[in-house]
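Peer 1: Coordinates only, no sequence provided:
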């Protein structure tokens, strides 16, 4: 094949990807742009960039003046980070057990754990609510963390167990002969080698949790436990909506998740397996 | 000390039996090679000795003490793997010292042991590097060094040369032989390469389908194989097997090594000559391999020393040296005398 041909292919591929990026980023762009404009300008020309006359930070001022917003942010951060931590920890441990040890019912257990990918957890909302009421966890962040951990585990176990099967048996066996405990083998040898897979799972787990409105609304709607997505709803009224504030709140909500994504995507790309085994 | 005894050791995965009753004695200081085609169970057997696989029945003992239930780290063994299996996050020094560190050895002692092993293997300039910064041959030397540092009773090698290129393989083979002489330790070595087996071993164990076919010194196996499998597996190029019936012999199968077949361009007066057509000639400089297609016996290999010119498609006559022939019965068992 000539180089020309592959250049044409790569241009076509890039064109498609760029088009997709533009489409995907467009709503974000509109939100960010309009959050910086006055209310009148938002409705007059929604797609225009803010100019000297239309530039207005009233939305951000309103959001920050509502003192609770920092609290909402904090709640979202706690819930997302804690859930993520437990999903990765328990998911990786279960995946290690499934991929490393031969025991009766291993395949069945794997299938059972993967079943959660196909059944949406929201179908169980009523039962979950009853459980949380019974255990007195309603209106606590713990309730959200528990639910999101359960929600994230199936995919985490599924992806990580596939990756862990790929980790060299020789390496684990070398550790056993050198007297490392199974926990050391798991934390020091296996986990670093599946770090790219952990990052993938982290990104796929984190974004739905951060964006979720359903469970915060049902399980933790109190002022002290509101998450950012739920908190933004206060500006959407039945008759009047403070669009400046809504857009500013949403604009701000993007920032932490963007930072988390950037942290993990570095790991996504960095492969450290080179040199471990041939 | 480091004498290994296997008594009626078996291993099954569910209903499949991979090791079917192996009995073996390896003396202290012996270099023992397990050899066989892939899937014969040689690696599984090694992993059972290491404690990485459970033993289904039978007993594994080092110096007479049963070790079936002992964890791998407590067996005083060291293992070198085909894929090197170095810890990617540790330097060469830490890779080599990890086992001693885990065992709670004082730091000075660890430094002395790693230093000595590094000196033996010429690894001193590499001690601060990580595995990713080493070449394949260097990684394998580090893996061997990691084994030496532990001063184990038993060294286990699982196809350690398979990932190296041909030149490095020969060099490392010689290095392993030298280490065996210097350390005087018991070594168990698994390979599918019969050249490695022949060159390194004091004792070769030929395995097929989880059973021991024959145990013996390399030259004993070469000169006195017990059956067609061992005869065909040991020696390169492979032994030729002729249908003895058509040659007027009492046995079923006659084995003759390629160097014991004489080749001539015209029919002679001696009996037992086989007519054939040359299908391919390989000139290796020091020797020439002639592949001859015959009607009764299929493709036969003739090994001639030095350079020879033979034309493909030419008709030739082969005569086996009757004094060097091996005779086998219909089941492939050797008929002696």
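Peer 2: Thanks, I have the structure now. Since we're looking at a predicted model, the values are computed, not measured.
Peer 1: pLDDT value on the nearest residue to residue B:130 once chain neighbours are set aside, please?
Peer 2: Among residues not flanking residue B:130 along the chain, residue B:91 sits closest, at 5.7 Å (CB to CB, 6 or more residues apart in numbering or on different chains). C-betas here are computed from N, CA, C, even on glycine. Here the pLDDT value assigned to residue B:91 is 93.
Peer 1: Can you read off the pLDDT for residue B:271?
Peer 2: The score at residue B:271 is 61. That number is its pLDDT.
Peer 1: Walk me through the domains of chain A.
Peer 2: A:1-56, A:66-269 (automatic domain parsing).
Peer 1: burial measure for the residue nearest to residue B:130, as a count.
Peer 2: 17 (other CB atoms under 10 Å in any protein chain shown).
Peer 1: thinking again about what came up before, compare the mean pLDDT across the domains of chain A and name the weakest.
Peer 2: Of all the domains of chain A, the minimum mean pLDDT falls on domain A:1-56 (a mean of 85).
Peer 1: From what I see, residue B:56 and residue B:10 are in contact.
Peer 2: Yes: between residue B:56 and residue B:10 there is a contact at 4.9 Å, judged by CB atoms under 8 Å.
Peer 1: what sits in contact with each of the two?
Peer 2: Here residue B:56 and residue B:10 share the contacting residues residue B:19, scored by CB atoms under 8 Å, 6 or more residues apart in numbering or on different chains.
Peer 1: Return the residues in contact with the closest residue in space to residue A:194 that isn't next to it in sequence.
Peer 2: Leaving out its chain neighbours, the residue that sits closest to residue A:194 by CB to CB, 6+ apart is residue A:163, at 4.6 Å. Listed by CB under 8 Å, 6+ apart, the contact partners of residue A:163 are A:95, A:194, A:197.
Peer 1: Now find how far off-centre stretch B:54-65 is within its chain.
Peer 2: Distance, stretch centre to chain centre, for stretch B:54-65: 23 Å (CA atoms, centre = their mean, to the nearest Å).
Peer 1: Oops, could you answer that again for stretch A:51-67 instead?
Peer 2: So, by CA atoms, centre = their mean, the centroid of stretch A:51-67 is 28 Å from its chain's centroid.
Peer 1: what does stretch A:145-163 give?
Peer 2: 12 Å.
Peer 1: Check which residues of that stretch are buried.
Peer 2: For stretch A:145-163, the neighbour count (16 or more other CB atoms under 10 Å in any protein chain shown) marks A:145-161, A:163 as buried.
Peer 1: next one: stretch B:21-29
Peer 2: Buried residues in stretch B:21-29 (16+ other CB under 10 Å): B:21-22, B:24, B:26, B:29.
Peer 1: swap in stretch B:232-251?
Peer 2: By neighbour count, and taking 16+ other CB under 10 Å as the criterion, the buried residues in stretch B:232-251 are B:233-235, B:239-242, B:244, B:247, B:249, B:251.
Peer 1: Looking at those residues, which are in strands?
Peer 2: Among those, the members falling in strands (DSSP state E) are B:240-242.
Peer 1: out of these, who's nearest residue A:105?
Peer 2: Checking those against residue A:105 by CB to CB gives residue B:241 as the nearest, at 48.8 Å.
Peer 1: So in terms of bridging, what pairs with that closest one?
Peer 2: Beta bridges link residue B:241 to residue B:255, judged by DSSP bridges.
Peer 1: Check residue B:78 too.
Peer 2: residue B:155.
Peer 1: ok, now how distant is residue B:227 from residue B:330?
Peer 2: Using CB to CB, to the nearest Å, residue B:227 is found at 12 Å from residue B:330.
Peer 1: neighbour count winner among these two?
Peer 2: When residue B:227 and residue B:330 are compared for neighbours, residue B:227 comes out ahead with 20 against 8, by other CB under 10 Å.
Peer 1: so who does the more buried one touch?
Peer 2: Counting by CB under 8 Å, 6+ apart, residue B:227 has contacts B:213-214, B:328, B:332-334.
Peer 1: now swap in residue B:24 and tell me
Peer 2: The neighbours of residue B:24, taking CB under 8 Å, 6+ apart as the test, are B:4-6, B:32, B:205, B:212, B:215.
Peer 1: one more time with 10 Å
Peer 2: By CB atoms under 10 Å, 6 or more residues apart in numbering or on different chains, residue B:24 lies in contact with B:4-7, B:9, B:32, B:34, B:45, B:49, B:60, B:188, B:203, B:205, B:212, B:215.
Peer 1: Does residue B:185 touch residue B:2 like I think?
Peer 2: Yes: between residue B:185 and residue B:2 there is a contact at 6.2 Å, judged by CB atoms under 10 Å.
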